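>>> Structural data only, the sequence is not supplied:
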């Protein structure tokens, strides 16, 4: 059975998603948005879970990867933000359980930001003295740049992170994916170089 990987950079309002099915030439991606939650955590957790269930069903997902945000809290988060960061992972677990129970097995795995970024971006070191928000922006920008290098012309850094998580996930299942991506990188770079040469 071919694997079908869905990866999420989940968040309260903007959840980036990326999907790759074994044998596809390129991944697909998108952004799921919700309005501000206010005090309606239960309502929007349910809406998010319903969206994820439909997405998994439509794509025939076999593996679901989410970013592990459970232990990244600081003192600046609101209670609603903390509920969301833990609750969205819980809702993903519910979706995987329900789909497996009905005969469409979905394996759920949470991935630390450090692990997927090490694979996707390489060994990046925070410059001494750089603030946490600025470093976070640098990492987001690096993910977008890496997607562009691979020929994935996205604009949202939430989608870029999802594609990074997806790459990590697919590589844990299919080590040959990295080699395939290498060929795609070279094709994308050649197309870019040809375009620049012909339009000078």
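That came through fine. What you see is a predicted model; the values in this text were computed from it and never measured.
>>> what is the mean pLDDT for the lengthiest strand in the chain?
In terms of residue count, the longest strand belonging to the chain (DSSP state E) is strand 14-21. Taken as a whole, strand 14-21 has an average pLDDT of 96.
>>> Then stretch 165-185?
Averaging pLDDT along stretch 165-185 yields 79.
>>> Make 52 the first number, not 1, from now on.
Renumbered: residue one is now 52, and that last one reads stretch 216-236.
>>> which helices and strands sit right next to the longest strand of the chain?
Counting contacts by 3 or more C-beta pairs under 8 Å, 6 or more residues apart in numbering; DSSP states H and E, strand 65-72 packs against strand 55-60, strand 79-84, helix 92-110, helix 208-224. Backbone N, C-alpha and C define where each C-beta goes, glycine included.
>>> Just give me the residue closest to the centre of this protein.
With distances taken as C-alpha atoms, centre = their mean, residue 213 lies nearest the centre of the chain, 1.6 Å away.
>>> May I ask you to confirm that that residue is in contact with residue 68?
Yes - counting by C-beta atoms under 8 Å, residue 213 touches residue 68, with 5.3 Å between them.
>>> Give the residues shared as contacts by those two.
58, 59, 60, 80 (C-beta atoms under 8 Å, 6 or more residues apart in numbering).
>>> Using neighbour counts, give me the buried entries of those.
The neighbour-count criterion (16 or more other C-beta atoms under 10 Å) marks 58, 59, 60, 80 among the shared contacts of residue 213 and residue 68 as buried.
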